[in-house]
Every structure is written in structure tokens, then in C-alpha cells.
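Need a 3D model of the sequence below.
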Amino acid sequence: MTNLLKAIINIIENPIYNLKDYAKFHNRVNNMGEALEEYIKDAFAETIGEDNNEIRKEKIKKCFSYFGNQNNPPDCIIANGDAIEVKKTENTTSDLALNSSYPKAKLYTNSPMISKECRECEKWTEKDILYACGVCKDKKLSLLSFVYGINYAAKIEKIIKINSKSFILDISDIEIKNPDNPAKYKNAKLIKFAI
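From the prediction side, this is the model:
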């Protein structure tokens, strides 16, 4: 089974900076947001750069139990794993377009925004939700951040902002505010990799 650490390793070993070329590689991709989604899927499925479409399709089919649509979150669900929501912005200071998928601490089967297919893709009641936030300007990926909803979103709606400093891979122990009670802190790992 795949996980975030495996995806990060795949991204480091197979960095894609030019999403325009990556979009051409996946000829069904129409825009940079979709190209970023495909890159994230490939990172988890270990199919970055896989030019045999049948092999890629089989690996992706084994890796994921659900793919979303533009109107319903999440963008995908790892089989027996996390839900993933991919967001794109053009710079590090702008708000992400959240539309119908405001940030959540977790994803539940009784969430009103998810589809019937999502509820029934596997047996589940609650999933951790992982936000993959990419900064894409001039059709190039310059920063990619991952954050779990439980470490970001409280039980009320908020707006995601991306703030960045790192142009290296850095793993550090940090304390973060509890989203449900900012007076309390909890331990977390911060993994930074930026171009």
C-alpha cells in the first residue's frame, strides 16, 4: 500500500517542474490543475514517467479506490487509505480556489458534498484528508506542499493559504496549534521540498 512518504520519495526521485509538458504526456489532461492532479496520482502509484499506458492504468487502479470530479471532493482516495484533495495556485501569497470543497479536518461518509460513488468505493466511515497544494506559474510547478486536514482545519470553515520559505529537502520536528483549540499544541513532522 502506498502512503505520503512513498509519494514524497517518488517526487524527489522524479521531479516534474514543467506541468505543460506533463500535461502533454497525459494527453487527456486539459489544464495545469488536472496536470498537477495526475502528477500527484502518479507519485502515489509510483507511475511518474511510466510511458506504457496499460501498466500505468493497472498500477493506478490498484492504488486508488475512487477518483472524484470537479463538483465533489475528494479528488481521489487511496485504497484503504487517505483521501486526497489537490489544490493549485499561481503564487505563494494568494488564496486557493476552494469552491465547494472547503478545508476539512477529516472526510466522513455522511458529508453532504461527497458523491454516492465515493461513499461506496470501499467500506469506510472516516478518512484522513491530505491536501496537496501546488504553486504553478507559467505552467511550471515551483512548490508542492502536503498538509493533513487534522493539522490544518478546525471543525469550522477556513481558507487555505500557502506560505513558503524552503528550497531544499528538510525534515524537522515541530509543534503545531490544535485546530480545534489553538491554546493547545501537538507534535508534528514538517517535511519541506521545494524547487
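
so where do the helices sit in the chain?
For the chain, the helices defined by DSSP state H cover 4-13, 19-25, 32-45, 53-63, 116-119.

Tell me which of those helices lies nearest to Gln70.
helix 32-45 (9.4 Å; Cβ to Cβ). Glycine gets a C-beta too; all of them are placed from N, C-alpha and C.

Can you spell out which helices and strands pack onto the closest one?
helix 4-13, helix 19-25, helix 53-63, strand 64-69, strand 72-78, strand 83-89, strand 126-137 (3 or more Cβ pairs under 8 Å, 6 or more residues apart in numbering; DSSP states H and E).

Can you convert the helices of the chain into TSV and add a column each for mean neighbour count, mean pLDDT and distance to Leu107?
Shown next, in TSV, are those (neighbours: other Cβ atoms under 10 Å; pLDDT from 0 to 100; distance: least, Cβ to Cβ, whole Å):
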stretch	mean neighbour count	mean pLDDT	distance to Leu107
helix 4-13	16	93	16
helix 19-25	17	76	26
helix 32-45	24	92	16
helix 53-63	14	94	18
helix 116-119	15	94	9
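
quick one, which of these is nearest to Ala183?
Nearest of the helices of the chain (Cβ to Cβ): helix 4-13, 28.0 Å.

which residues does Leu141 bridge with?
Per DSSP bridges, the residues bridged to Leu141 are Cys136.

That one against Tyr39, yeah?
Yes. The pair Leu141 / Tyr39 is scored as a contact, 7.4 Å apart, by Cβ atoms under 8 Å.

Report the set of residues contacting both of these two.
Counting by Cβ atoms under 8 Å, 6 or more residues apart in numbering, the shared contacts of Leu141 and Tyr39 are 16, 19.

So which residues make contact with stretch 59-72?
Residues contacting stretch 59-72 (Cβ under 8 Å, 6+ apart): 2, 41-42, 44-47, 50, 74-80, 100, 113-115, 117-118, 121-122.

Any of those buried? List them.
2, 41-42, 44-47, 50, 74-78, 114, 118, 121 (16 or more other Cβ atoms under 10 Å).
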